[in-house]
Structures are given as C-alpha cells and as structure tokens.
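Trainee: I'd like to go over a predicted model; first the sequence, then the structure.
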Amino acid sequence: DDIDFGKLNKLKRFDLEDNKIKKLPPSMANLPHNCRILIKNNPIESPPTEMANDGDMSPATIGSFYVGEEGGNSDGEGVSANPSIEGESGNNVGVVGRAKLTN
C-alpha cells in the first residue's frame, strides 16, 4: 500500500528510532516542513545519516537528497517514487514496527 505522507499535515514528530530501516522514501519529503523525523539506531543508507542533525532528519533534507538523485524539483514534485519504508531485509515494510505519530 502507498503511504501519502502529505496527508499527515499536523504531524510534528515521526519516531522511527530503533528499527531496521535502511532507506527513507522520497515521499517523506511531503511531510510538514516542521516535522522532526527521529532516525537514531537504524542502518539507514539513503539518504545518508551524515545529512541528519543529531539523529533527526527533516522533510527538506530528505527532499534535497532525492532531488539530486532523481531529478525532482524543490517543490516536492517528483519525489514520491516509492512511498514505502525499506527495512534491513530489503523488503518494503509499508508500516514501521514502532513508529509513533504524535501531534
């Protein structure tokens, strides 16, 4: 199932810590601009964790990474190639085990 992150327009914190996530999908760039995406303790390869700020990644950071990778634009257009979150086994796991959505 596709996840439309753009519909989570009141989300302020997306806790993905302590999972086995290897890749954040480009469509996470559609989360609200002020949303903190907590990614500590994951083997994330894409976007590289060096782009994170003390274990937090912003939707803008994710978008800027994929714009360079896939040729999208700065408005978030063209960044929703695969909206699922890829786990360590390489499988797409549409819903993350311990993700906490908080307003």
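Mentor: Yep, it's here.
Trainee: What ranges does this protein have for its strands?
Mentor: For the chain, strands defined by DSSP state E occupy the ranges 13-15, 21-23, 36-38, 56-57, 86-87, 100-102.
Trainee: What segments of this structure are helices?
Mentor: Here the chain has its helices, by DSSP state H, at 59-70.
Trainee: separation between Ala29 and Phe5?
Mentor: For Ala29, the distance to Phe5 equals 8 Å [Cβ to Cβ, to the nearest Å]. (C-beta placed from N, C-alpha, C; glycine too.)
Trainee: Would you mind telling me which of these two has more residues around it?
Mentor: Using other Cβ atoms under 10 Å as the criterion, Ala29 and Phe5 rank with Ala29 on top: 29 against 23.
Trainee: Quick one, grab the pLDDT at the nearest residue to that one once chain neighbours are set aside.
Mentor: With Cβ to Cβ, 6 or more residues apart in numbering as the criterion, Ala29 has its nearest non-adjacent residue at 3.1 Å, and that residue is Gly63. Looking at Gly63, its pLDDT stands at 94.
Trainee: Repeat that for Val67.
Mentor: According to the prediction, Val67 has pLDDT 89.
Trainee: again with Gly97
Mentor: 41.
Trainee: Which residues does the nearest residue to Asp56 once chain neighbours are set aside form beta bridges with?
Mentor: Nearest residue to Asp56 in three dimensions, chain neighbours excluded: Arg36, at 5.0 Å (Cβ to Cβ, 6+ apart). When bridges are called by DSSP bridges, Arg36 pairs up with Arg13.
Trainee: how far away is Arg36 from Glu69?
Mentor: Arg36 sits 23 Å away from Glu69, going by Cβ to Cβ.
Trainee: Please identify which of those two sits among more neighbours.
Mentor: The residue with more neighbours, out of Arg36 and Glu69, is Arg36; 18 against 13, by other Cβ under 10 Å.
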